[in-house]
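Chemist: fold the following, please.
(one chain, ligands or ions: 1)
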Amino acid sequence: MTESPGAAHSPAQDGPRNRGLFITLEGIEGAGKSTIARRVCEWLAGRSIRATLTREPGGTPLAERVRQIVLERGEEPLSPVTETLLMFAARGIHIGSLIRPALARGEWIVCDRFTDATRAYQGGGRGIDPAWIESLAAQVHGDLQPDCTLLLDLPVPMGLARARSRKAAVTDRFEAEAQAFFERVRAAYLELAQREPQRIHLIDASRPLEAVERQVIAALERLAQGEGR
Ligand code: Z5A
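Modeler: Numbers count the residues shown, from 1 in each chain. You can find the predicted model right below:
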């Protein structure tokens, strides 16, 4: 497994045996994405599948600098439109420098958040026009889509309690948001899962970690079987 601190073709254009698969993890804060992403990489390593674990916003040195700008609670406010543009700016760097080259080498990508996060946070949470988000997505990543998205779903108070039990101080602009914001984000995620049930696997993340892991591994087993791996 390669840990990143982020070719111009889509996996869909390659033969099924030549390319890596693109797996994303989504969910509200404290859903367990980082924990499960590491578990997914262990599972892949156990099957001798090379994988890169990465995250958004960020994933490459330059994209991590954009992450700092968009997450830090500085003195200057960011409008929802600017926030959306920064998410896609970081994503464009990440895709070009890390995601596409790794997939082209046949490696799998395990990415903690991707464009579904923009749909849920900037679309659902901030009220940005979904059509504009889709037009930015089309320009920034074209037909590159995750092959499988693991949506870790749990009630908002539970997610926030888990996140806050890990670190008491509010350190970024999203952590400072009220519960109602995260309820809108969760609702947007659930709507996406309803719309794309083939790609988005809904995982009950309110259960104990071992039970969550079992659901995730079952989804991955089905994915790998479909790929003949
Ligand atoms: N953002 C956006 O707005 N638009 C975009 O397009 C993108 C992102 C790409 C990134 O913050 C922020 O950027 C994010 C959305 C926004 N903000 N929010 N919210 P981040 O990466 O720093 O934060 P995060 O993505 O929310 O991650 P997180 O808070 O670290 O949560 P997590 O990764 O889902 O959870 P975790 O660290 O794996 O687990 C949290 C704790 O719960 C930890 O102590 C675990 O041991 C525990 N845990 C995990 N699972 C369980 C279970 N099943 N039972 C009990 N305890 C558990």
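Chemist: partners of the helix or strand where Val110 lies in the sheet?
Modeler: Using DSSP states H and E, Val110 sits in strand 108-112. With DSSP bridges as the test, strand 108-112 is paired with strand 22-26 (parallel), strand 51-55 (parallel).
Chemist: which secondary structure element is home to Ala63?
Modeler: Here Ala63 is assigned to helix 61-71, by DSSP H and E.
Chemist: contacts only, for the residue nearest the centre of the chain.
Modeler: Centroid-nearest residue in the chain: Arg113, 1.4 Å away (criterion: Cα atoms, centre = their mean). Going by Cβ atoms under 8 Å, 6 or more residues apart in numbering, Arg113 touches 24-26, 33, 55-57. Every residue, glycine included, has its C-beta placed from N, CA and C.
Chemist: the residues you listed into TSV, with extra columns for pLDDT?
Modeler: Below are the contacts of Arg113 laid out as TSV (pLDDT from 0 to 100):
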residue	pLDDT
Thr24	98
Leu25	98
Glu26	98
Lys33	97
Arg55	98
Glu56	98
Pro57	98
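Chemist: can I get the residues you listed in JSON lines including distance to the ligand?
Modeler: Listed next are the contacts of Arg113 as JSON lines, based on distance: Cβ to the nearest ligand atom, whole Å:
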{"residue": "Thr24", "distance to the ligand": "10"}
{"residue": "Leu25", "distance to the ligand": "8"}
{"residue": "Glu26", "distance to the ligand": "9"}
{"residue": "Lys33", "distance to the ligand": "4"}
{"residue": "Arg55", "distance to the ligand": "6"}
{"residue": "Glu56", "distance to the ligand": "4"}
{"residue": "Pro57", "distance to the ligand": "5"}
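Chemist: most surrounded residue in the residues you listed?
Modeler: Leu25 (28 neighbours; other Cβ atoms under 10 Å).
Chemist: nearest residue to that one in space, please, no chain neighbours.
Modeler: Lys33 (4.2 Å; Cβ to Cβ, 6 or more residues apart in numbering).
Chemist: quick check: phi and psi at that neighbour.
Modeler: As for Lys33, its main-chain torsions (degrees, to the nearest 10) stand at phi -60, psi -50.
Chemist: pull out the buried positions in the helix holding Ala63.
Modeler: 63-64, 66-67, 69-71 (16 or more other Cβ atoms under 10 Å).
Chemist: out of these, who's nearest the ligand?
Modeler: Nearest to the ligand among the buried residues of helix 61-71: Leu71, at 6.0 Å, using Cβ to the nearest ligand atom.
Chemist: which residues touch stretch 117-128?
Modeler: Counting by Cβ under 8 Å, 6+ apart, residues outside stretch 117-128 touching it are 26, 56, 80-81, 83-84, 87-88, 91, 129-130, 133, 136-137, 174, 177, 181-182, 184-189, 191-192.
Chemist: and the gap between the residue of the chain most remote from its centre and the ligand?
Modeler: The outermost residue of the chain relative to its centre, with distances by Cα atoms, centre = their mean, is Glu75 at 27.5 Å. According to Cβ to the nearest ligand atom, to the nearest Å, Glu75 stands 20 Å off from the ligand.
Chemist: enumerate the residues of the protein near the ligand.
Modeler: 27, 29-35, 56-57, 87, 113, 117-118, 121-122, 162-163, 166, 174, 205, 208-209, 212 (Cβ under 6 Å from any ligand atom).
Chemist: ok, now with 5 Å
Modeler: 29-35, 56-57, 87, 113, 117-118, 121, 162-163, 166, 174, 209, 212 (Cβ under 5 Å from any ligand atom).
Chemist: of the residues you listed, which belong to helices?
Modeler: Per DSSP state H, helices hold the following members of those: 33-35, 87, 117, 162-163, 166, 209, 212.
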